[in-house]
Structures are given as C-alpha cells and as structure tokens.
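# Quick one, fold the following:
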Amino acid sequence: MLVTGVKIQGRADEAQWVTQFKVQYSNDGNSWTFVQHTNNQSDMIFDGNTDRSTISTNIFPAQVTAAYIRLVPTAWHIHISMRFEILGCKECKTPLGMKNRDIPATRIKVSSRGEYYIINSNDNTSTHHKGGSHARLDRFHYWVPDNDDINPWVQVYVGLGKIVSGIIIQGFKQHWTRHDFIKVQVNGSIFESINANLESTWTHDHPASHATLMFEKPVVTSVVRVEPNDCSETTRKLTNGNQIVILDCALRMELLGCGNIPEHGCVKPLGMETGDIQGTQIRVSYNHHQSNESRLNYRGYWGGSSPNINRWIMVYFGYVVNISGIVIQGYEVYWVELFVIEEMNNPTIGTQEYAANFDGYTPVTVLFEKLVHTTYIKVTPTACHNGYCGVRMEILGICDDNSNP
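Below is the predicted model:
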C-alpha cells in the first residue's frame, strides 16, 4: 500500500493524548524504517494533539510503500492514548493518460523534433517530423530527437500533485531506447533521477514490446521528464529502393501512478483559480492593480521588474487553515525560478528555497514538508527569469477539524 500520512486523535472519554510521535513502516513486519526528513535524513517527529478531540493530520515528506505501519509516541499528555487513521491508496499502477490521450499534446514537451527523410532515385526528399505527440504508448508513430540533439528528453505535465510510480517504454520496429539508459526526472525545475526496477520481460530483439519500470519509491510531482541517452543514427534501405535516415532513439511511453492524492491528503485547491479566494484577500508588494491576476491559469499575471528586492505576494484567509503547498505558474516569458515562504508561525523568511518554474505556462506543484497552520501565506521570489517575475498560483490545503469554518 502507498501510505501518504496519518491522522491522530486523543482518548474519547478522558483528557489523554499523544503530543509528539514518530512513524515506522515495514514490508515484512520484521525490518522497520522510520519516516525521515528529506533534507537531512533524520527521523521525523510529528506534531500530535493539543486536546482529546481535535484531529491532527500529518503528511509524510515522501510517500512510502508499506505492508505495516507503526506509530511510536515520544511525548504525551498524562497518558498515552491514541485513535488514528492511515492515509494513502492501495494500488499505484494506473495509466495516467499518454496512451488514451487524457494527457493532451499541449502538455508534452520535447527537446527537439527529429526528422526522417525519404530519398528517391531522383534525389527528391520528403521530410517528416516526430514530435512529442508521437511519444504515446502503442501509437503507430513514435518520437525521436533531432540528429544534433545531444541531450534529448520528453517532458510531460501530468497534472496537479499526481502520484507517479513508474513508466512503460516502447520502441518501434528495430529502433528503440535501452531501458537501462533511461533517466526519469521529477519535481519542477530541479529534476532528480529516479531509480527504477524492470518489472516486465523485454529484449532488444522485440523493441515494440513493453518495458515496465517501477520506481523504488513513488513520487508526488506535476512534471516528469524522460531522458534517453543511448541513441545512434541508422541508414536503412526500403524495399522500393528508397532510403530512410533515422535515429535509433525511438520512444513511445505511458506513465503509471495513482492519479491525484486523495483530498484527505491535504492537497485540495483552496480557491485562487476558482475565485473562492476574493481579490481583497490577495496583497502584493507592488503593481497592486495586478494582484487579482495572480490566479492559476488566469489570462494575466502578477509581477514585473522591481528595483525593490523585497517583492512578495500574500494571501490572507482571515482564519486558521491547513496549508500543504502551492502550485506556481509563470506567464509567457516571465516566471519565478526560486522562492521562499513566510507564514504566521514563522514571520521571518526562512533559508529554504523552493524551486519554481522553468517556463511561462507549466504549473509546478510544491508540497511542504509538513502542514502549515496559518491565517496567511506569503510567497517571496528570490530569483526570476531574466530578472522579471511572473506569478500565477493556487494554494493547496484542507479545511478540516483543525480549521475554522
């Protein structure tokens, strides 16, 4: 089972509850691993309850695959007493939409579009392109990079906060990409290589068959990039006497995952895009007339080039809510590359910078290490593309038992 977090509650009939705890997980019931911080690999200590009835929701910094979950209280009020729920999903191998086109062509980017040439005896040449829309599993066509592309890649925007657990790759006839030379990268503009294990039988003798690569740990991301790096050029003579020049780096693929994290996993959009968050709740450091244009997928944006380094955008809720992350998006040639977060429990800007956008239209989901309980959240860009910021965004979280109505 893929486990994303836990909810805990105190004793129903007495003033007893756990105030802090750790979490262990196991796949055999004998060997146990603590859920750890992603930055320093130390054991995470989760916040528990402050009374016997309020539910405390804790999301893991990274999802874990486990058959067993163990909660380890480290501090408590009067006596250890606990009621809890486990958050997650049982299966994480659902196709995310490359083959059936649920992922539209506009969400598929490539480093280059390869060409192949049909050359006849009269030296007439017919040129054909193989773009990102051809990279779908079992499609008659396929994607190849340009001959001069030394760092080829296919990049897919899968949606807001998807859980991605693996990839199926496929070649075309005698053209393919070796599965052991595939690199999968995730998490916005700071891409990370993902270790994968080959699950299905696949050989170079049958490149049109499927090679299923399951990640060692599923990841939460909006963007997946696949980098093949075992490509060579081949000249092939057709039966009619024509020749075809093509790269062997042919790729068709499908992404596997669990779809969106369940709403109880604290990634519900809170209303920037829909307008549920009113314009009066959005405050900015400059260009105040653009503040209402800072909504995800809006036709405008907030930003600009400001001589004032202290540039920021803030959303005020008026009551305490649980914030789990943000979705940030640029606009055309303007976008934020790095930013920091401020909230009411940490009014001074921290040192942790989050990676944001790499272009002006792809939304990037940034999930925080733990839930933030706050009445406002402020986003401060620290680096912008060519010094010119462009921001459209959504706030993620949930209004549950810990929030005001």
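# Can you list the residue ranges for strands in the stretch 101-250 of the chain?
Remark: strands assigned in the stretch 101-250 of the chain by DSSP state E, counting those that start in this stretch are 108-110, 114-119, 125-130, 154-170, 182-186, 192-193, 196-198, 211-228, 233-237, 243-247.
# what's the fourth one packed up against?
Read that as strand 154-170. Helices and strands touching strand 154-170, as assessed by 3 or more Cβ pairs under 8 Å, 6 or more residues apart in numbering; DSSP states H and E, comprise strand 108-110, strand 182-186, strand 211-228, strand 252-260, strand 313-329, strand 364-384, strand 389-398. Any C-beta I mention is one placed from the backbone N, CA and C, and that applies to glycine too.
# residue ranges with poor pLDDT in the stretch 201-350 of the chain?
201-208, 229-248, 259-266, 305-309, 344-350 (pLDDT under 70).
# could you point out which element follows the strand or helix carrying residue 69?
Assigned by DSSP states H and E, residue 69 belongs to strand 68-77. Later in the chain than strand 68-77, the nearest helix or strand by DSSP H and E is strand 83-89.
# ok, then the element right after that following strand?
Toward the C-terminal end, the helix or strand that comes next after strand 83-89 (DSSP H and E) is strand 94-95.
# still on that earlier bit, single out the most deeply packed of the helices and strands packed on strand 154-170.
Ranked by mean neighbour count, these are led by strand 389-398 with a mean of 25 (mean count of other Cβ atoms under 10 Å).
# still on that earlier bit, got the angle for the strand holding residue 69 vs strand 83-89?
Angular relation of strand 68-77 and strand 83-89 on a 0 to 180 degree scale: 140 degrees, by axes from the mean of the first three to the mean of the last three Cα atoms, to 10 degrees.
# what's the burial count for the nearest residue to residue 87 once chain neighbours are set aside?
With Cβ to Cβ, 6 or more residues apart in numbering as the criterion, residue 87 has its nearest non-adjacent residue at 4.4 Å, and that residue is residue 5. Around residue 5 there are 25 other residues, counting by other Cβ atoms under 10 Å.
# doesn't residue 89 make contact with residue 5?
No - counting by Cβ atoms under 8 Å, residue 89 is not a contact partner of residue 5; they are 11.7 Å apart.
# Centre of the chain to stretch 219-228, how far?
Distance, stretch centre to chain centre, for stretch 219-228: 7 Å (Cα atoms, centre = their mean, to the nearest Å).
# just stretch 289-301 next, same as before
On Cα atoms, centre = their mean, the centre of stretch 289-301 falls 23 Å from that of its chain.
# Could you tell me the end-to-end distance of it?
Start-to-end span of stretch 289-301 (Cα to Cα, to the nearest Å) is 10 Å.
# buried set for that stretch?
Residues of stretch 289-301 classed as buried: 290, 291, 292, 293, 294, 295, 296, 298, 301 (neighbour count, 16 or more other Cβ atoms under 10 Å).
# So which of the residues you listed are in strands?
Among the buried residues of stretch 289-301, no residue falls in strands (DSSP state E).
# quick check, nearest of the residues you listed to residue 214?
residue 296 (31.1 Å; Cβ to Cβ).
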